[in-house]
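K.L.:
Pasting the sequence and the predicted coordinates here, then a few questions.
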Amino acid sequence: MAGQRLAVPRLQGVSREQFLQHLYPQRKPLVLEGIDLGSCTSKWTVDYLSQIGGKKEVKIHVAAVAQMDFIRFFCVCFRTLPFDKLIQRAAEEKHDEFFISEDEKYYLRSLGEDPRKDVADIRKQFPLLEGDIKFPKFFKEEQFFSSVFRISSPGLQLWTHYDVMDNFLIQVTGKKRVTLFSPRDAQYLYLSGTKSEVLNIDNPDLTKYPLFSKARRYECSLEAGDVLFIPALWFHNVISEEFGVGVNIFWKHLPSECYDQTDTYGNKDPKAASRAAQILDRALKTLAELPEEYRDFYARRMVLHIQDKAYSKNFE
């Protein structure tokens, strides 16, 4: 099992001022209860969503197993379904109609009209649902980045990953279990890009991933009406304990010019971070010109230099 387990704090009736002045600056996950989200938590039933969404075609992920693997794309395929069909299938445990198997899982992450250019915004892609949901106004309008509609089959587990935008995960219906890891524990998560290679976080292969046992877990359960604040760079792993609908609201913590303007998903590293990674790659290629003994020595000096100059000294 992983290391220390910590409960994500839950607070009732937090105001915009309380959030912005006292909670947001802490840059730690938080579950907000009692936020006015509109009528969506009661209205968004399977029948209602099927009727309102209609035959609109949506691109979905179909998984043969509960733990979705988005590094190797093992047992995961991409398909298109009418929205009403997706809702009906995602709410089922077993399927009469299926792509891979009768117990396959479905996952929708809504996209912009042209995903290469447009961000997801539920108000634009599903305008008939706009009046049902109220976004928490805990950030400035110009900071808004996207609102992502998510639908998951019961039991589906999304891979551990981070986003570069701040995020409100609104649990509209159903239940989710969310496990988060601090950015400070990134060295224990065996990263491949923005994702962790450790899929089974509850029973990890510690022979293959021995450092994972050092990662601190922050855990919470979300029910209809709960809002989870996930700060940028915090890793999160989500299990849908039952069929559910969620909406993510992403907004910019940094000035707009810091972000990659071609990023429509909110998962491309800030421009300065990308440039630094490219410079580091060039430095490592230059070190490769040295014999192994020298390469090892100067690589260690580089690590020490980064630790001395770049790491924060005041974070526990």
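P.N.:
Sure thing, it's come through. Residues are numbered from 1 along each chain as shown.
K.L.:
where does this structure have its least confident helix or strand?
P.N.:
For the chain, using mean pLDDT, DSSP states H and E, the weakest element among its helices and strands is strand 76-82, scoring a mean of 88.
K.L.:
Kindly spell out which helices and strands sit in contact with that strand.
P.N.:
Judged by 3 or more Cβ pairs under 8 Å, 6 or more residues apart in numbering; DSSP states H and E, the packing partners of strand 76-82 are strand 57-63. All C-beta spots, glycine's among them, are computed from the backbone N, C-alpha and C.
K.L.:
where do the helices sit along the stretch 1-150 of the chain?
P.N.:
Ranges of helices in the stretch 1-150 of the chain, per DSSP state H, counting those that start in this stretch, are 16-18, 40-43, 46-53, 83-90, 122-125.
K.L.:
how much distance is there from the fourth one to the middle of the chain?
P.N.:
Read that as helix 83-90. Put simply, helix 83-90 sits 22 Å off its chain's centre (Cα atoms, centre = their mean, to the nearest Å).
K.L.:
Quickly compare the helices of the stretch 1-150 of the chain and say which is most buried.
P.N.:
helix 83-90 (a mean of 22; mean count of other Cβ atoms under 10 Å).
K.L.:
still on that earlier bit, tabulate the helices of the stretch 1-150 of the chain (JSON lines), appending mean pLDDT and distance to P270.
P.N.:
Shown next, in JSON lines, are these (pLDDT from 0 to 100; distance: least, Cβ to Cβ, whole Å):
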{"stretch": "helix 16-18", "mean pLDDT": "96", "distance to P270": "26"}
{"stretch": "helix 40-43", "mean pLDDT": "95", "distance to P270": "32"}
{"stretch": "helix 46-53", "mean pLDDT": "92", "distance to P270": "35"}
{"stretch": "helix 83-90", "mean pLDDT": "94", "distance to P270": "34"}
{"stretch": "helix 122-125", "mean pLDDT": "93", "distance to P270": "25"}
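K.L.:
Out of these, which gets nearest to L287?
P.N.:
With respect to L287, and counting by Cβ to Cβ, the nearest of the helices of the stretch 1-150 of the chain is helix 122-125 at 47.5 Å.
K.L.:
which helices and strands does the closest one pack with?
P.N.:
Applying 3+ Cβ pairs under 8 Å, 6+ apart, we find helix 122-125 packed against strand 144-152.
K.L.:
check contacts around the nearest residue to P115 once chain neighbours are set aside.
P.N.:
Spatial nearest neighbour of P115, excluding adjacent residues (Cβ to Cβ, 6 or more residues apart in numbering): T264 at 5.9 Å. Shown in contact with T264 (Cβ atoms under 8 Å, 6 or more residues apart in numbering): G112, P115, R116, K117, D118, V119, A120, S146.
K.L.:
Alright, I will stop here.
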